[in-house]
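1. Quick check, what structure comes out for this input:
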Amino acid sequence: MDSEYFLVDQGLAEPAPLTFRYHRFAPHSEFGRHRHRWGQLSRISLGLMELLLEDRRVVTPAQYLLWTPAEIPHAAYIRHAMHYTSIYINREQAARLPAHICLIEQTPLIRALLDDFCQRQITVISDPWDARQAELLVERLVRAGHEESYLPDSAQRLLQPILQAIRQDPADATTLKQWAERVFSTERTLARLFQRELGMSFGQWRSRARLVEALSRLKQGDSVQDISARLGYATPSAFIAMFQKQLGDSPERYRRQLLQEGQWQDGVNV
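-> Numbers count the residues shown, from 1 in each chain. Model prediction:
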């Protein structure tokens, strides 16, 4: 393969069954094309992480874990200052997870198990009780299901112009029925294609696109009122409700976290 391991990976023993590493990243941290010896779960404290593959881009918000199997070449980009946790998984346990890069939702139990490891700054697991906790964590990861990307793309000819338009202007309020007329299709056909190609409804995909834009604008310092108006919400409360549903937190609390974590200026390679 033409992609190199990071130097810190080369000295790591195989996880038993997990190995944790903790970092703080500066805004706009970029990591060139590389690969890992072990399957890797990436956990970020807030914001978005982008993984760049040969054929697609995977966007991950903080409520998901990013699963990257061993030996898959990729590059990465982190938009905001944040805490970052890398969790390596040994070959036996990694074989139970998907064989491709995907997102795994942090259910309440998965989050609690990870929070406990992270709060104690566990790196190599040696305690028998921690080993049992790690086994439970992997079991819950296997059962949690997965998504291909938070904001998936599609080359399907009817969907492509719709997705492109919303990416360029997430506030676009064109209904699915109106889109059907524009692309010479039917509302039912488009609804079926969204589910088949993207695994979600038109409304869900557009809400996610709006959230990605909102995160960027919160980082720039825009007010909640301005963002809600820019994204086409009738009231700020409607925007706040969407934000809380997607991230489990309010926009203002998210902004405070950005301000706190944005004081770091040290980026460390994954």
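2. When you work out contacts or count neighbours from here on, use the C-alpha atoms and nothing else.
-> OK.
3. quick one: low-confidence parts of the stretch 1-150 of the chain?
-> 1-3, 6-8, 80-81 (pLDDT under 70).
4. Strands along that one, start to end?
-> 4-5, 18-25, 29-35, 39-44, 48-52, 57-61, 64-68, 74-78, 82-89, 102-105 (DSSP state E, counting those that start in this stretch).
5. Any chance you could list what contacts stretch 205-223?
-> With C-alpha atoms under 8 Å, 6 or more residues apart in numbering as the test, stretch 205-223 has contacts from 47-48, 80, 150-151, 166-167, 170-171, 224, 227, 231, 242-243, 246, 251, 255, 258.
6. Just the residues you listed: which are in helices?
-> Of the contacts of stretch 205-223, the ones assigned to helices by DSSP state H are 166-167, 224, 227, 242-243, 246, 251, 255, 258.
7. Pick out the lowest-pLDDT one from those.
-> Going through those one by one, the lowest pLDDT turns up at L258, 70.
8. tell me, how many neighbours does it end up with?
-> 19 (other C-alpha atoms under 10 Å).
9. Distance check, it against S216.
-> Separation of L258 from S216 (C-alpha to C-alpha, to the nearest Å): 11 Å.
10. per-domain residue ranges of the chain.
-> Annotated domains of the chain cover 4-143, 160-261 [automatic domain parsing].
11. so what's the backbone phi/psi at the residue located most distally from the centre of the chain?
-> Within the chain, F184 marks the point farthest from the mean C-alpha position, 33.5 Å out by C-alpha atoms, centre = their mean. Dihedral angles of F184 (phi, psi; degrees, to the nearest 10) stand at phi 60, psi 50.
12. buried stuff in stretch 86-93?
-> 86-91, 93 (16 or more other C-alpha atoms under 10 Å).
13. Kindly report the same for stretch 205-224.
-> Buried positions in stretch 205-224, judged by neighbour count with 16+ other C-alpha under 10 Å: 205-215, 217-219, 224.
14. What about these, which are in helices?
-> Short answer: the buried residues of stretch 205-224 in helices (DSSP H) are 205-215, 217-219, 224.
15. Closest to W38 out of those?
-> W38 lies nearest to V212 out of those, by C-alpha to C-alpha, at 29.6 Å.
16. What does the pLDDT read for the closest one?
-> Confidence for V212, expressed as pLDDT, is 86.
17. Quick check: closest non-adjacent residue to H100.
-> Closest residue to H100 apart from its sequence neighbours, by C-alpha to C-alpha, 6 or more residues apart in numbering: P69 at 6.3 Å.
18. count of residues packed around that neighbour?
-> For P69, using other C-alpha under 10 Å, the count is 25.
19. give the contact list for the residue nearest to the spatial centre of the chain.
-> Nearest residue to the geometric centre of the chain (C-alpha atoms, centre = their mean): T60, 1.4 Å. Neighbour list for T60: 48-50, 66, 103, 149-150 [criterion: C-alpha under 8 Å, 6+ apart].
20. How about A238?
-> S228.
21. residues near the nearest residue to L52 once chain neighbours are set aside, how many?
-> Closest residue to L52 in three dimensions, ignoring its sequence neighbours and counting by C-alpha to C-alpha, 6+ apart: A75, at 5.0 Å. Neighbour count for A75, taken as other C-alpha under 10 Å: 17.
22. same check, this time on E148
-> Applying other C-alpha under 10 Å, I find that E148 has 17 neighbouring residues.
23. so what's it closest to, chain neighbours aside?
-> Looking at E148 with C-alpha to C-alpha, 6+ apart, the closest residue is C102, at 4.7 Å.
24. residue contacts, that neighbour?
-> With C-alpha under 8 Å, 6+ apart, C102 has these contacts: 58, 66-68, 146-149.
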